[in-house]
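> Curious how this folds, go ahead:
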Amino acid sequence: MKQAVVVGAGLSLALGFLLAGCGAKGQTNPAAESPPAAEVEQEQDASMVKVDHPEQFPLATASAHVAAPELNVTGVVSADVSRNVPVISLASGRVVDIRARLGDTVAKGQLLMRVESADVSGAFSDYRKALADETLARAQLDRSKLLYDKGAIAAKDLEVAQDTQDKAKVDVETAVDHLKVLGVDVDHPAAAVDIFAPISGVIVEQNVTAAAGVKTLDNSPNLFTIADLSHVWIMCDVYENDLANVRLGEYADIHLNAYPGRVLQGRIGNIGPILDPNIRTAKVRLEVENPGLMRLGMFVTATFHGQQKEMHALVPASAVLHLHDRDWVYVPASVNTFRRVEVTGGKMIPPNMQEIVSGIAPGDRVVSNALVLENTAEQ
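Numbers count the residues shown, from 1 in each chain. As a prediction, this is how the structure comes out:
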């Protein structure tokens with residue numbers, strides 16, 4: 001009897017635990033245990049500006065402007081290679097006098113330097129010897145002719161004398177040519193040779209100083225380099241996407257950074273056949289007549305003009321807002337709201353108008369003073 005009581009108590013206790021577990025499971029709330037739902041906050045559009053009194057910001061209607069497209073690129077003034085002339089000396093020796101320096105403007109035939117040379121002394125010596133031999137050969141030929149006429153010598157002796165005189169004459173001519181190549185005057189024997197400017201221009205390179213040695217031509221650099229700057233080259237870098245606007249033989253406007261008020265004309269003389277692999281540009285060469293203002297190394301802006309005209313929008317210059325290196329305009333979005341639209345600005349058109357290449361079209365309305373609206377929106 002006692003054992004039956006114990007068993008019944010155990011069953012009651014197990015049944016109580018089972019009912020308690022079922023009751024706890026039935027009371028579980030999944031919604032309470034799961035994470036709360038994410039709330040999405042709508043961010044305000046930064047390009048939209050809402051104002052209380054839109055009548056304070058008058059609107060302007062973009063007009064149509066027809067013009068040929070323009071391409072502006074930077075360039076550098078360079079010397080015309082065909083007008084660069086080196087100054088050399090075919091006689092080796094020692095510099096005894098220099099009359100010009102780097103950067104000087106020289107005229108054709110102007111004395112630049114004087115070189116004391118053993119080559120010149122040797123050439124004059126050969127010339128005088130050849131001249132003496134030629135004089136002797138001529139006298140012997142005259143004597144042979146006289147003797148031949150009197151029957152004193154044979155014809156072959158006369159022919160030998162004639163041949164000797166002809167060879168002596170050739171030696172004199174060769175010696176004279178040698179002196180001319182060295183740059184000296186046959187009628188003024190001297191040990192020094194004068195070096196003259198071959199053309200008029202500016203000395204852009206100098207590789208010699210006083211008392212310096214001048215070597216032979218194959219081992220010596222140019223003594224001077226003279227550039228004729230009456231015509232120069234403008235070397236421009238044009239991206240491959242813009243090469244369609246550049247045509248050989250056409251003209252471009254050259255704007256000098258040093259002289260903003262001057263506009264020169266340059267002819268496109270060459271379009272490089274090879275692109276720079278790093279920046280994807282081609283070298284475009286403009287040939288320009290130098291009025292005396294351009295110097296080597298100057299920076300310029302070249303404007304290339306397209307052939308087919310395009311229609312763009314034209315708005316007041318005050319309607320364009322320059323912000324973060326970009327151009328913007330404000331257009332009406334609703335009754336009291338304006339939207340800021342990015343545009344691509346073109347050139348300025350007098351009076352106080354600006355061309356809009358892209359972003360808006362003719363007929364669109366824009367806020368006539370974008371800066372005032374921008375300042376109002378920031379307050």
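> Every contact and neighbour count from this point should use C-alpha atoms.
Will do.
> per-residue pLDDT, residue 22?
If you check residue 22, the pLDDT there is 46.
> Next secondary structure after the longest helix belonging to the chain?
Assignment by DSSP state H gives helix 118-149 as the longest helix of the chain. Using DSSP states H and E, the helix or strand that follows helix 118-149 towards the C-terminus is helix 155-182.
> gap between the nearest residue to residue 48 once chain neighbours are set aside and residue 237?
The shortest distance from residue 48 to any residue other than its chain neighbours is 4.6 Å, reached at residue 339 (CA to CA, 6 or more residues apart in numbering). Between residue 339 and residue 237 the distance is 37 Å, computed by CA to CA, to the nearest Å.
> Same check on residue 375?
With CA to CA as the criterion, residue 375 and residue 237 are 39 Å apart.
> okay, these two: which has more neighbours?
Using other CA atoms under 10 Å as the criterion, residue 375 and residue 237 rank with residue 237 on top: 20 against 9.
> residues contacting the more buried one?
73, 74, 75, 281, 282, 283, 284 (CA atoms under 8 Å, 6 or more residues apart in numbering).
> I figured residue 255 was touching residue 264, is that so?
Yes - using CA atoms under 8 Å, residue 255 is in contact with residue 264, at 6.7 Å.
> what helix or strand does residue 343 sit in?
Going by DSSP H and E, residue 343 is in strand 337-349.
> Of the contacts of residue 237, which is the nearest to residue 349?
Closest approach between the contacts of residue 237 and residue 349, by CA to CA: residue 73, at 19.8 Å.
> Name whatever forms a beta bridge with that closest one.
residue 302 (DSSP bridges).
> In three-state terms, label residue 372 for me.
helix (DSSP: H, G, I helix; E, B strand; the rest coil).
> Phi and psi next, for the residue lying closest to residue 274 once chain neighbours are set aside.
Of all residues not flanking residue 274 in the chain, residue 282 sits nearest, at 6.4 Å (CA to CA, 6+ apart). When read as degrees, to the nearest 10, the backbone of residue 282 gives phi -120, psi 140.
> show me the contacts for residue 282.
237, 238, 239, 240, 271, 272, 273, 274, 275, 276.
> Using PyMOL, define a selection of the buried residues within these.
Filtering the contacts of residue 282 down to the buried ones (16 or more other CA atoms under 10 Å) takes a single PyMOL command:
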select buried, resi 237+238+239+271
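> JSON lines for the contacts of residue 282, including distance to residue 343 and secondary structure?
Formatted as JSON lines, these follow (distance: CA to CA, whole Å; DSSP: H, G, I helix; E, B strand; the rest coil):
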{"residue": "237", "distance to residue 343": "25", "secondary structure": "strand"}
{"residue": "238", "distance to residue 343": "23", "secondary structure": "strand"}
{"residue": "239", "distance to residue 343": "22", "secondary structure": "strand"}
{"residue": "240", "distance to residue 343": "23", "secondary structure": "helix"}
{"residue": "271", "distance to residue 343": "31", "secondary structure": "strand"}
{"residue": "272", "distance to residue 343": "32", "secondary structure": "strand"}
{"residue": "273", "distance to residue 343": "34", "secondary structure": "strand"}
{"residue": "274", "distance to residue 343": "33", "secondary structure": "strand"}
{"residue": "275", "distance to residue 343": "30", "secondary structure": "strand"}
{"residue": "276", "distance to residue 343": "30", "secondary structure": "coil"}
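> Would you check that residue 127 makes contact with residue 180?
No - assessed by CA under 8 Å, residue 127 is found out of contact with residue 180, at 11.4 Å.
> neighbour-wise, which of these two wins?
Legend: neighbour count by other CA under 10 Å for residue 127 and residue 180, higher for residue 127 (22 against 13).
> Between the contacts of residue 237, which sits nearest residue 225?
residue 75 (23.5 Å).
> do you know how far that closest one is from residue 283?
On the measure of CA to CA, residue 75 and residue 283 end up 10 Å apart.
> So if I had to pick from these two, which one is more boxed in?
residue 75 (25 against 19).
> and the gap between the nearest residue to residue 123 once chain neighbours are set aside and residue 188?
Leaving aside its chain neighbours, residue 123 sits nearest to residue 179 (6.2 Å; criterion: CA to CA, 6+ apart). Relative to residue 188, residue 179 is positioned 11 Å away (criterion: CA to CA).
> Help me confirm that residue 169 comes into contact with residue 134.
Yes - using CA under 8 Å, residue 169 is in contact with residue 134, at 5.7 Å.
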